[in-house]
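[1] Turn this into a structure:
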Amino acid sequence: MARARVLLCAICLLRVAQATIYFQEEFLDGERWRNRWVQSTNDTQFGYFRLSSGKFYGHKEKDKGLQTTQNSRFYAISARFKPFSNKGKTLVIQYTVKHEQKMDCGGGYIKIFPADVDQKNLSGKSPYYIMFGPDICGFDIKKVHVILQFKNQYHSNKKPIRCKVDGFTHLYTLILRPDLTYEVKIDGQTIESGSVEYDWNLTSLKKLEKSPAGSKEKEDKPQDWEKHFLDASASKPSDWNHELDGDWQASMLQKPPYQDDLKPEGIDKNIWLHQKMKNTKYLLEYDLSEFENIGAIGLELWQVRSGTIFDNFLITDDEEYAEKFGKATWGETKGPEKEMDAIQAKEEMKKAREEDEEELLMGKFDGKANNFRRFHRKDEL
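    From the prediction side, this is the model:
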């Protein structure tokens with residue numbers, strides 16, 4: 001039994017050792033973070049960050065992170081790392097965010113940039129690969145963004161993912177796998193998953209190979225007709241966003257209603273595609289969730305009320321390592337953080353009660369003093 005446990009531990013350590021950690025930041029070395037993170041000077045009105053664990057925390061040092069400090073400001077800051085490609089590999093992006101001020105309107109998301117990003121001029125116009133994390137504004141917007149760049153356009157996940165809206169620290173994780181599946185986790189729990197192809201409405205972006213110039217279709221030979229045709233009855237979805245989703249195109253249907261020498265009936269030949277897909281792996285060729293030159297991570301966002309703390313950044317190719325890292329950071333301090341908040345809340349309530357009682361007593365005292373003064377004035381008269 002003991003040997004089995006030792007073997008299991010050895011296997012776990014080996015798997016962790018095999019993980020590739022592209023970037024990891026916990027801000028455990030004090031102000032040295034300023035040597036790694038570059039504040040954008042693109043706009044003199046950008047807000048500044050400081051290192052803080054906030055008003056309440058689970059561990060004063062471990063919970064220190066980048067905190068926004070000025071209200072109604074844009075923020076732009078980033079850190080570089082050795083460039084890499086996630087082609088053929090899993091990509092895991094993870095971090096913690098704490099809206100201590102209980103966000104009313106502002107972003108809590110991060111962006112992953114190409115290695116050639118201009119850090120000094122980072123702004124909302126800087127091209128990015130991935131945008132991930134919570135965004136809150138009023139009663140309507142309380143969502144987790146998952147936006148991917150594809151063919152120089154930004155495409156957003158069509159499934160609504162609700163974010164956390166309280167004032168505690170939460171762990172956000174995005175997993176993109178080589179088989180085009182994805183997973184979004186909050187606090188280690190899966191809240192959304194599926195296919196990048198379908199959940200980003202990217203089926204209209206299939207790579208097509210045009211027929212050779214001068215080629216002529218033969219009219220009556222079914223074998224020359226393509227096996228795919230446009231869905232003529234399809235219409236553009238009402239929520240289609242041209243900037244995010246690109247040009248809309250009807251989806252392609254397969255398996256036309258004829259076999260052997262039978263001609264298709266009830267189908268207008270003009271809707272048939274006289275083009276063919278280059279191969280069945282067009283999605284992999286298009287690299288819908290693969291990026292060749294990942295090299296920076298950053299915060300580029302707007303906040304009405306400042307106070308958000310960003311910490312425990314991780315970019316890796318290993319889901320198991322990300323889970324362990326999350327448990328060793330956020331997992332260790334989430335409980336004590338809530339305990340400290342509860343203690344502070346009780347102290348604030350006690351203080352408020354004492355102040356109310358003091359005001360009440362002072363009011364009674366002032367009332368008696370006024371009566372005393374009125375009584376003596378009556379005697380004088």
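[2] Break down this protein into its helices, ranges please.
    Taking DSSP state H as the criterion, the chain carries its helices at 2-17, 196-199, 242-245, 282-286, 319-328, 330-380.
[3] Give the rounded mean pLDDT of the fifth one.
    When you say that, I think you mean helix 319-328. On average, the pLDDT along helix 319-328 is 98.
[4] Now it - C-alpha only, PDB.
    Listed in PDB are the C-alpha atoms of helix 319-328, where the atom choice follows Å, rounded to 0.1, in the frame of the first residue of the first chain:
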ATOM      1  CA  GLU A 319      -4.700  21.600 -17.100                       C
ATOM      2  CA  GLU A 320      -3.600  19.600 -14.100                       C
ATOM      3  CA  TYR A 321      -0.800  22.100 -13.200                       C
ATOM      4  CA  ALA A 322      -3.300  24.900 -13.500                       C
ATOM      5  CA  GLU A 323      -5.700  23.200 -11.100                       C
ATOM      6  CA  LYS A 324      -2.900  22.600  -8.500                       C
ATOM      7  CA  PHE A 325      -1.700  26.200  -8.800                       C
ATOM      8  CA  GLY A 326      -5.300  27.500  -8.300                       C
ATOM      9  CA  LYS A 327      -5.600  25.400  -5.200                       C
ATOM     10  CA  ALA A 328      -2.300  26.500  -3.800                       C
END
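[5] If you count contacts, what does it end up packed against?
    Helix 319-328 is packed against helix 2-17, strand 91-99, strand 169-176, strand 308-316, with contacts defined by 3 or more Cβ pairs under 8 Å, 6 or more residues apart in numbering; DSSP states H and E. C-betas here are computed from N, CA, C, even on glycine.
[6] quick one: contacts for Q70?
    Shown in contact with Q70 (Cβ atoms under 8 Å, 6 or more residues apart in numbering): G47, Y48, S306.
[7] let me fix that: G107
    Contacts for G107 (Cβ under 8 Å, 6+ apart) come out as G133, P134, D135, L301, W302, Q303.
[8] Can you give me the distance of the first one to S195?
    Yep, that's G133 we're talking about. For G133, the distance to S195 equals 21 Å [Cβ to Cβ, to the nearest Å].
[9] Compare those two and say which is more crowded by neighbours.
    Neighbours around G133 and S195, counted as other Cβ atoms under 10 Å, are more numerous at G133. The numbers are 23 against 15.
[10] Dihedrals phi and psi, the residue nearest to that one when sequence neighbours are not counted?
    In space, and not counting its chain neighbours, G133 is closest to Y109: 3.0 Å by Cβ to Cβ, 6 or more residues apart in numbering. Taking degrees, to the nearest 10, you get phi -100, psi 170 for the backbone angles of Y109.
[11] pLDDT averaged over stretch 142-157 - what is it?
    93.
[12] can you pull the buried residues of it?
    Across stretch 142-157, burial judged by 16 or more other Cβ atoms under 10 Å covers 142-150, 154-157.
[13] now for those, which pair is the farthest apart?
    Distance extremes for the buried residues of stretch 142-157: the farthest pair is K142 and F150 at 25.9 Å, using Cβ to Cβ.
[14] P134 contacts G108, correct?
    Yes. Between P134 and G108 a contact is recorded at 4.3 Å, counting by Cβ atoms under 8 Å.
[15] Quickly list what's touching both of the two.
    V97, H99, C163.
[16] could those residues go into CSV alongside neighbour count, distance to F27 and pLDDT?
    As requested, these are arranged in CSV below (neighbours: other Cβ atoms under 10 Å; distance: Cβ to Cβ, whole Å; pLDDT from 0 to 100):
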residue, neighbour count, distance to F27, pLDDT
V97, 24, 14, 98
H99, 24, 18, 97
C163, 22, 23, 96
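[17] which of those lies closest to S72?
    Nearest to S72 among the shared contacts of P134 and G108, counting by Cβ to Cβ, is H99 at 15.8 Å.
[18] The closest one: what's it in contact with?
    Shown in contact with H99 (Cβ under 8 Å, 6+ apart): G108, P134, I136, V165, D166, G167, G307, T308.
[19] and those, which are buried?
    Among those, those scoring as buried are G108, P134, I136, G167, G307, T308 (criterion: 16+ other Cβ under 10 Å).
[20] Would you check which pair of the residues you listed lies furthest apart?
    Farthest apart among the buried ones among the contacts of H99 by Cβ to Cβ are P134 and G307. That separation is 14.3 Å.
[21] in this protein, which segments are predicted with low confidence?
    For the chain, applying pLDDT under 70 flags the ranges 1-17, 203-287, 364-381.
[22] Walk me through the domains of it.
    Taking automatic domain parsing as the criterion, the chain consists of the domains 15-202+288-340, 208-277.
[23] Mean neighbour count, those: which tops it?
    Looking across the domains of the chain with neighbours counted as mean count of other Cβ atoms under 10 Å, the highest average goes to domain 15-202+288-340: a mean of 18.
[24] No further queries at this time; thank you.
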